[in-house]
Each structure stands twice: as structure tokens, then as C-alpha cells.
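**Q** Pasting the sequence and the predicted model now:
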Amino acid sequence: AQKITQTQPGMFVQEKEAVTLDCTYDTSDPSYGLFWYKQPSSGEMIFLIYQGSYDQQNATEGRYSLNFQKARKSANLVISASQLGDSAMYFCAPDGETSGSRLTFGEGTQLTVNP
Amino acid sequence: DTEVTQTPKHLVMGMTNKKSLKCEQHMGHRAMYWYKQKAKKPPELMFVYSYEKLSINESVPSRFSPECPNSSLLNLHLHALQPEDSALYLCASSHLFPREQGMTGELFFGEGSRLTVL
């Protein structure tokens, strides 16, 4: 079974600053991907960014980027120029041949952006 | 606006009631999911449907009964629930796994149905 670790239950950042949310995973799949989702207080899970294990470059999507270190099995999410609306729970989730459709989420990090 | 619609947004029911949660998507996805989420915890997978057939049941108690009438609709029938079943129930859809090359395959989630069992 895959194991996902998000070591930061809570993070605080000042508006307009960058913040890094950690995610490490343990998988034996030769090919896999990493998803990051955002969940505001409204409850909806919002897809942010995806990194494939064979992608040559770190994924970027607007203000979101991934610091993907395959050897360390980590895929940290970097949010640049934080906004108040970024305050939410953030979950990472790997997928791969072993898990298939069983997307399993880490425990999450509660990010609070201060004005 | 989310492309996965869940109704109702809030539901309060007694332990002897029968109710249903509904989910609809029109993105042509052939995989649909039910997740359960307790406060301050990650969503936990309950069921997966592939091509309208149940493909994964994560040992969910029989008081939860899923149904997929067609490729766009997913229901979760609730009967004789317990107070500990109170949670946010999230529906999601996606392209099937394994995915075609170049396809990210992310899950699209609805806003959830917040269930309270008295």
C-alpha cells in the first residue's frame, strides 16, 4: 500500500510571500503521479497541479509549482505570492499501478494566509 | 462553478430514516466515486464505479448502498445510519485508470453533501 506523509498540520504565511507545503510518499510503482488538491472551508476539493514521475521538469501551474525530488520521494507544493484566498486545507495524493483508482490522500496541511 | 453537482448540500436524518444523496456530472467521465470525510481528516474512499459497474467497495457497511443508474448519475442510498456516519460526503468523477498518455486524470469533486445523523 502507498503511504503519504504531510508533516505540517498547520502553516502560516504572510500575504504576498511564498510558502512550501511538504509531501513525501512511499510507493513501489515504477510509474506514478502526484496530485495536489485544495479544500477551502466550503468543502469542495479543487485540483491544483499534477506531477508525473517521468516528467523531466517540475510541474508549474500559475502560482503553483512542485519541487519534485524523485530520489527522495517528495513532491512539495510551492505557492508563490500568497493570497488571502489561498487559506485552505491542502492534500497531496499519489496514484499509480498499485492504487489504480484508489486515490488516497495525505493527512493534509491547513494553510492560513495572514494579511 | 463545479462541474460535479451534488444534492442536497445539507441533510439531517434520524437513524430510522431512508434518504439518498445524488451526484451528477456531464463531462463524459466513466469513473465515479464516493468519498466520506470527517472533520479535520482527509477524504476516505468508499466506492468506485467504472462504466456504471461497481468496481471498488472499501468494506463499507451495507447501510450505505450506492447506485449508478447511468453514466452521468451516481446515488448513495442511506438507511439505518448511525450518528458516527455524520460527515461530508463527496462525489467525484474522472477518466478511467489507466489513463491515456498525456491525460492527467485528476478527479473532479462536487461541493459535497454534509450529513448529520441524529
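**A** Received it, and whenever you're ready, just let me know what you need. This one's a predicted model, so the numbers in the text were calculated from it and none came from an experiment.
**Q** what does chain A have sitting close to chain B?
**A** Neighbours of chain B within chain A, by CB under 8 Å from any CB of the partner chain: A:33, A:35, A:37, A:42-47, A:50, A:91, A:95, A:97, A:100-108. In short, each C-beta sits where N, CA and C put it, glycine included.
**Q** Could you pick out the buried ones from these?
**A** Buried members of the residues of chain A next to chain B, scored by 16 or more other CB atoms under 10 Å in any protein chain shown, are A:33, A:35, A:37, A:43-47, A:50, A:91, A:95, A:101-108.
**Q** From chain A, how far out is the residue nearest the centre of chain B?
**A** Centre of chain B computed as the mean C-alpha position; nearest residue by CA atoms, centre = their mean is B:Trp34, 2.4 Å away. According to CB to the nearest CB, to the nearest Å, B:Trp34 stands 12 Å off from chain A.
**Q** now do B:Phe109
**A** Distance of B:Phe109 to chain A, computed by CB to the nearest CB: 4 Å.
**Q** Now that residue: closest residue in space, sequence neighbours ignored.
**A** What sits nearest to B:Phe109 in space, not counting adjacent residues and going by CB to CB, 6 or more residues apart in numbering or on different chains, is A:Met45, at 3.9 Å.
**Q** dump the residue contacts of the one you found.
**A** A:37-39, A:91, B:43, B:90, B:92, B:107, B:109 (CB atoms under 8 Å, 6 or more residues apart in numbering or on different chains).
**Q** so where does the residue nearest to the centre of chain B fall, helix or strand?
**A** Taking DSSP states H and E as the definition, one finds B:Trp34 inside strand B:31-37.
**Q** could you dump that strand to CSV, C-alpha only?
**A** What follows is strand B:31-37 as a C-alpha-only set of coordinates in CSV (Å, rounded to 0.1, in the frame of the first residue of the first chain):
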residue,chain,number,x,y,z
ALA,B,31,-15.4,6.6,-13.4
MET,B,32,-17.4,8.0,-10.4
TYR,B,33,-16.5,7.9,-6.8
TRP,B,34,-18.0,8.4,-3.3
TYR,B,35,-15.7,9.6,-0.5
LYS,B,36,-16.5,10.2,3.1
GLN,B,37,-14.8,13.0,5.1
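**Q** can you list the weak-confidence ranges in chain A?
**A** Residue ranges of chain A with pLDDT under 70: A:1.
**Q** Dihedrals phi and psi, A:Gly96?
**A** phi 170, psi -170 (degrees, to the nearest 10).
**Q** What is the burial count for it?
**A** Neighbour count of A:Gly96, defined by other CB atoms under 10 Å in any protein chain shown: 19.
**Q** Identify the bridge partners of residue 114.
**A** You didn't say which chain, so I picked chain A. Each beta-bridge partner of A:Asn114 is listed here, defined by DSSP bridges: A:Gln14.
**Q** oops, I was thinking of chain B
**A** Beta bridges link B:Arg114 to B:His10, B:Leu88 when assigned by DSSP bridges.
**Q** ok, B:Tyr33 touching B:Pro43?
**A** No. Using CB atoms under 8 Å as the test, B:Tyr33 is too far from B:Pro43 to be in contact (9.2 Å).
**Q** just checking, A:Gly85 is part of a helix?
**A** Yes. Secondary structure of A:Gly85, determined by DSSP: H, G, I helix; E, B strand; the rest coil: located in a helix.
**Q** the strands in chain B, which residues?
**A** For chain B, the strands identified by DSSP state E occupy B:4-7, B:10-13, B:18-25, B:31-37, B:44-50, B:53-57, B:64-70, B:73-79, B:87-94, B:108-109, B:113-117, in order along the chain.
**Q** No further queries at this time; thank you.
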